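S.K.: sequence first, then the predicted structure:
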Amino acid sequence: MEKQEAKIAETANETANGAVADAPVTEAGNAGQGDRGAARGRGGRTERGGRDRNPRRPRRNEGGRERVRPEFDQKIISIRRVTRVMAGGRRFSFSVAMVIGDKKGRVGVGIGKAGDTQLAIEKAVRDAKKHMITVPMNQHSQIAHDVQTKLSSSEVMIIPAAGRGLVAGSSVRTVLELAGVKDVTAKLLSRTKNKLNNARATIEALKLLKA
């Protein structure tokens, strides 16, 4: 009789252990050994309660939504921390100069100032959209004639050069690249290193182009 009772108790323990192994993780944190083994098999760590410390993060495009491409490409040509002296002391802010364009003839240069860099960038983008121009080009994205202009301390000359590609430097190259102009040679005739003035001088030179 005692042997039969011991056998029944042993069978009950095996059945209980099998049920615990198949049991899911509960809110109280009681997890079966099968779940812990599966978590270790996935490479994830488990806490005492049985929950994963590093659950798999969903991917960005896992929801099926595609990222919408912005209308204009943008590039920062200069970012500075500026200081304004007031009666109470100094106040710091950021100044951002940016060029935006669609590489199809539309381009603009803007500047924005704010206490936060992200806000300054947004202001610069809005300012660039307000001062956007359309560059007259042929079907091969080439300009018709050479132009030269001077703005402030910057002097820029742009010459068409078939087959040479885009040969320019400093912020002049950025403006021409975002405008989509090809096969030109640009030269800075002044010694200034001010990228904002050079970009604005390039915009003024492109305004002189005729279709």
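M.R.: In hand now; what should we look at?
S.K.: list the buried ones in the helix or strand harbouring residue 97?
M.R.: Following DSSP states H and E, one finds residue 97 within strand 89-101. Neighbour counts over strand 89-101 (16 or more other C-beta atoms under 10 Å) mark 93-101 as buried. From N, CA and C alone the C-beta is placed, and that goes for glycine too.
S.K.: among those residues, which one sits closest to residue 160?
M.R.: residue 101 (18.9 Å; C-beta to C-beta).
S.K.: ok so residue 118 is a strand residue?
M.R.: No. Membership of residue 118 in a strand is not supported by DSSP: H, G, I helix; E, B strand; the rest coil, which gives helix.
S.K.: neighbours around it, how many?
M.R.: 10 (other C-beta atoms under 10 Å).
S.K.: make residue 1 into 449 and carry on from there
M.R.: All set: I'll call the first residue 449, so the last point we hit is now residue 566.
S.K.: state the distance from it to residue 637.
M.R.: Distance of residue 566 to residue 637, computed by C-beta to C-beta, to the nearest Å: 36 Å.
S.K.: do the same with residue 616
M.R.: For residue 616 relative to residue 637 (C-beta to C-beta), the value is 13 Å.
S.K.: between these two, who's got more neighbours?
M.R.: Shown here are residue 616 and residue 637; by other C-beta under 10 Å, residue 616 has more neighbours (21 against 11).
S.K.: looks like that one contacts residue 631 (just checking).
M.R.: No. Here residue 616 does not reach residue 631: they are 11.5 Å apart, not a contact under C-beta atoms under 8 Å.
S.K.: following the chain onward from the worst-scoring helix or strand of the chain on mean pLDDT, which element is next?
M.R.: Every helix and strand of the chain was ranked by mean pLDDT, DSSP states H and E. The lowest is helix 481-489, at a mean of 49. Of the helices and strands lying after helix 481-489 in sequence (DSSP H and E), the nearest is strand 521-534.
S.K.: and that following strand, which strands flank it?
M.R.: strand 537-549 (antiparallel) (DSSP bridges).
S.K.: for the next helix or strand after the partner strand, which positions count as buried?
M.R.: Later in the chain than strand 537-549, the nearest helix or strand by DSSP H and E is strand 554-562. Using 16+ other C-beta under 10 Å as the test for burial, strand 554-562 gives 554-562.
S.K.: and if you look at stretch 572-583?
M.R.: For stretch 572-583, a neighbour-count test (16+ other C-beta under 10 Å) marks 572-573, 575-576, 580-581, 583 as buried.
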